[in-house]
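**Student:** sequence below, structure please.
(one chain, ligands or ions: 1)
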Amino acid sequence: MTKTILSLLFITTISMAQTGLVTQKAMVVSAREEASKIGSDIMLHGGNAFDAMVATELALAVAYPYAGNLGGGGFMVYRKANGKTGSLDYREKAPLAATKNMYLDENGNVIPGKSTESAFAVGIPGTIAGMFEVHKKFGSLPIAILLKPVIALAEKGVVVTENQWKQINDHKAAIVRLSGDQTLFAKDYKVGDIIKYPALAETLKRISKNGRDEFYKGETAKKLVAYLQQKGGIITLKDLSKYQAIWRKPITFKYRNLQIVSMAPPSSGGICLAQILKMIEPFEVAKLGHNSPKYIQLLTEAERRSYADRNFYLGDPDFVKIPQTQLLDPEYLKQRMSDFTFEKATKSADIAKGKITFSESNETTHYSIVDSKGNAVAATTTLNGAFGSKLYCDELGFFLNNEMDDFSSKPGTTNSYGLVGAEANAIAPQKRMLSSMTPTIVEKNGKLLMVLGTPGGSTIITSVLQTILNVTEFNMTMQNAVDAPRFHHQWLPDDISFEPKRFPEETTETLIQKGYKINEKNWPIIGKVDAILVLPEGRREAGADHRGDDKACGF
Ligand code: GLY
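**Tutor:** Alright, predicted model coming up:
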C-alpha cells in the first residue's frame, strides 16, 4: 500500500465519531465485563460508587488475575456529588526486614530476578485494607452484600478470553517455575474454558465474615506468611498487622477552564500530569492538530522535562521531602520550557539530573465509576508485573505482587523499562515504592466532567494526559479519545514510543528530521484507558479500551 493510502486510512479511522456505551445514571468501566457488571448491579440495588468500588476491585481479583488482586495495592481518587474530593493510598509497603541493598550481590550488582520473580519481591499488600477503609468512610451497604456476587463469581468461574489465554501462556513458564506444576495456572486452558476459583471464594468468605483483620491478623494472614516464608520471603505477621491505608490530599490544579484532581506521591501521576499540562498550557494546543508532528513535539518535550524531575525528586512523602510547591510553580515550569523550540529535539542528556534506578511494570488495571447521584471513583490497582511475582498461593487463591521492584534497587543503572530513578525512591523498611498510577478526575465549571486512568507503568501518565486532551482540546467522544493512537516519552531512553502501525509515516519522518528517535517496537500497548465522560445533559458516556477485554456496564 502506498504512503498516501495508508495516511487516508489512518485519517478515516480516527475521524469517525463513535460513542461508547451511554447510560442515564450510573456506570462502571473496567478490564472485564464481569467486574463492571457486578459494580453496576451494586449501584442498581441502591449502593453508591464507593460500594461499587469495593465490589469491582475484588471482582477484578477474580476475573482479571493478571493485575486485579488481593495480593497487591493501589490508589483511588474520588469526587463526591457535593464536589468534595480526596484520595486513598493503599499502595504496598516494604517489609520491616527490607534493606536498601537487598537486591544487590557482594559486588553491588543487581541480582537478576530477585526483585521481580521471588518471594523477596513481594511488598505488604494494601488492597484489602484499602477496600475496608473506603467502606468505613463512604460505604452504604454491608460488606457481606458487596462480596456476595464476587464470591459467587469465584465459585461459578470466569471464561478464558483470547486475551487472557495469551496472558496465561506468555507467563506460564514463570508461574510454574515460581508456584510449581500443580498450581491453578499450570493447566492447559483453552479460549472459552471456565476457570473456577474455589480457594479464593473461601478466602473472600472469611474476609466477608471476619472483616479486615482476617487478611492482616487472622487465618488468612497466618497462611499467607507461612506460604511466603516457605518460599524464602521476609514478610511477617507483624508486617501485615502494621499495614494501614492512608487518606492523602490529592494533587489539584487548573488547566485552562478545567480543574484536575489526581494522585499525590507516592504516586508520581498527579505531579507529572500537572507539570506537563502546565508546560503546554501557553501553547495553542488544538491549533497544532491532533497527533501532528508539532503536537507530538510539544508533548514530548514537556514529558521529557517532567520525567527528569520525577525520577530525581519523587518518592514516599512519609520518608522523603518532596519539593512539591517548587515542582508545580508556574515560573519554574515556564523556565523548564524556555529552551524548547519546534525547530529541533532537545537532548535528554541536557535535561538530565540524577541517575539512580527504579523500575516499573505495565501490568496494572484501572476502573472508573460514576453513580446516579454523581459520586465518582477513579481507582488504579496493581500486582506490578503480569501476575505479579508469579507466586500464586493456591491455598488462598491469589497472586502476590512484585511491587518491591518499583523501588530503586541500585543508583545509576536503568531497569527493564529504561527508567532512571533516585535516592528519593531507595528501599527502606515500611516505605512505599514510587508509582506512576494516575487515577484522575476532571471538573469543568464546578461540575464532574471525566473520570479516568489506565495501566501501563511509566506510560500511564502520558496516556491519561492524551486522553484528557483528546476530549477537551480535540472534542472527541470518550470512546474515540480512548481509542486514538498514543505515543510516549519518558526522558530516558531518549526516544518517542509510538503505538505500532498507528501513525502515518510522514509524521515519524518529520520528527526524525528534527532529531527525534522513534521507537515503534518496544510497547505493544501504551495504556489501556477506562474512562467515563459526563455529557452536557448529565448522561454518562464510557470509553472502554479496545486494546483489552475492557467493558462498560451501567443503567
Ligand atoms: N507498578 C506500576 C506502578 O505503580 O506504577
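**Student:** which residues does the residue of the stretch 301-450 of the chain at minimum distance from the ligand bridge with?
**Tutor:** Residue of the stretch 301-450 of the chain nearest the ligand, by CB to the nearest ligand atom: residue 435 (3.2 Å). Using the backbone N, CA and C atoms, a C-beta is placed for each residue, glycine as well. Beta-bridge pairing for residue 435 (DSSP bridges): residue 267.
**Student:** which residues does it contact?
**Tutor:** Neighbouring residues of residue 435 by CB atoms under 8 Å, 6 or more residues apart in numbering: 75, 91, 263, 266, 267, 268, 269, 360, 382, 406.
**Student:** residue 433 is in contact with the last one, correct?
**Tutor:** Yes - with contacts counted by CB atoms under 8 Å, residue 406 reaches residue 433, the gap being 3.7 Å.
**Student:** and these two? Which one has more around it.
**Tutor:** Higher neighbour count among residue 406 and residue 433: residue 406, with 29 against 26, using other CB atoms under 10 Å.
**Student:** correct me, but residue 234 touches residue 94?
**Tutor:** No - here residue 234 lies out of contact with residue 94, judged by CB under 8 Å, at a distance of 9.5 Å.
**Student:** out of these two, which sits in the busier spot?
**Tutor:** Set residue 234 next to residue 94 and count neighbours by other CB under 10 Å: residue 94 wins out with 26 against 18.
**Student:** could you report the separation of that one from residue 543?
**Tutor:** Applying CB to CB, to the nearest Å, the value for residue 94 to residue 543 is 35 Å.
**Student:** by pLDDT, rank the contacts of residue 435 and give me the bottom one.
**Tutor:** In terms of pLDDT, residue 360 ranks lowest among those, with 44.
**Student:** quick one: the closest residue to residue 494 other than its chain neighbours from residue 493, how far?
**Tutor:** The shortest distance from residue 494 to any non-neighbouring residue, by CB to CB, 6 or more residues apart in numbering, is to residue 348 (3.9 Å). Applying CB to CB, the value for residue 348 to residue 493 is 8 Å.
**Student:** just the pLDDT for the residue in the stretch 101-250 of the chain that the ligand sits nearest to.
**Tutor:** For the stretch 101-250 of the chain, the nearest residue to the ligand under the criterion CB to the nearest ligand atom is residue 123, separated by 9.9 Å. Residue 123 carries a pLDDT value of 98.
**Student:** mind checking what helix or strand follows the one helix or strand residue 275 maps to in sequence?
**Tutor:** Element membership of residue 275, judged by DSSP states H and E, is helix 269-280. The C-terminal neighbour of helix 269-280 among helices and strands, as given by DSSP H and E, is helix 285-288.
**Student:** that following helix: how far from the chain's middle?
**Tutor:** 28 Å (CA atoms, centre = their mean, to the nearest Å).
**Student:** from here on, count from 44
**Tutor:** Sounds good: first residue 44 from here, last item helix 328-331.
**Student:** counting by contacts, list what that helix packs against.
**Tutor:** Counting contacts by 3 or more CB pairs under 8 Å, 6 or more residues apart in numbering; DSSP states H and E, helix 328-331 packs against helix 336-356.
**Student:** just the angle for the helix it packs on relative to helix 312-323, thanks.
**Tutor:** 140 degrees (axes from the mean of the first three to the mean of the last three CA atoms, to 10 degrees).
**Student:** so does helix 336-356 get close to the ligand?
**Tutor:** No - counting by CB under 6 Å from any ligand atom, the ligand is not contacted by helix 336-356; separation bottoms out at 11.2 Å.
**Student:** that helix packs against which elements?
**Tutor:** Looks like helix 336-356 contacts helix 312-323, helix 328-331, helix 391-394, helix 503-515, strand 530-531, helix 548-556 (3+ CB pairs under 8 Å, 6+ apart).
**Student:** nearest to the ligand within the stretch 494-598 of the chain, name that residue for me.
**Tutor:** Nearest residue of the stretch 494-598 of the chain to the ligand: residue 500, at 5.3 Å (CB to the nearest ligand atom).
**Student:** that residue and residue 407 touch, don't they?
**Tutor:** Yes - with contact defined as CB under 8 Å, residue 500 and residue 407 form a contacting pair (7.2 Å).
**Student:** list the buried ones in the helix or strand hosting residue 208?
**Tutor:** Using DSSP H and E, residue 208 sits in helix 205-222. For helix 205-222, the neighbour count (16 or more other CB atoms under 10 Å) marks 206, 207, 210, 211, 214, 215, 217, 218, 219, 221, 222 as buried.
**Student:** worst average pLDDT in the helices and strands packed on helix 336-356?
**Tutor:** Per-stretch mean pLDDT for these is lowest at helix 391-394 (a mean of 81).
**Student:** and the contacts of it?
**Tutor:** With contact meaning CB under 8 Å, 6+ apart, helix 391-394 is reached by 347, 348, 351, 534, 535, 537.
**Student:** most surrounded residue in those?
**Tutor:** Of the contacts of helix 391-394, with other CB under 10 Å as the count, residue 347 tops at 26 neighbours.
**Student:** ok, back up a step: for the helix holding residue 318, packing partners?
**Tutor:** By 3+ CB pairs under 8 Å, 6+ apart, helix 312-323 packs against strand 294-298, strand 301-305, helix 336-356, helix 367-370, helix 373-379, strand 483-487, helix 503-515.
**Student:** export the shortest one to PDB, keeping only CA atoms.
**Tutor:** Taking C-alpha atoms only, helix 367-370 is exported to PDB below (Å, rounded to 0.1, in the frame of the first residue of the first chain):
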ATOM      1  CA  GLN A 367       6.100  19.800  45.500                       C
ATOM      2  CA  THR A 368       5.400  23.500  45.600                       C
ATOM      3  CA  GLN A 369       8.500  24.300  43.600                       C
ATOM      4  CA  LEU A 370       7.900  21.500  41.100                       C
END
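**Student:** good, wrapping up.
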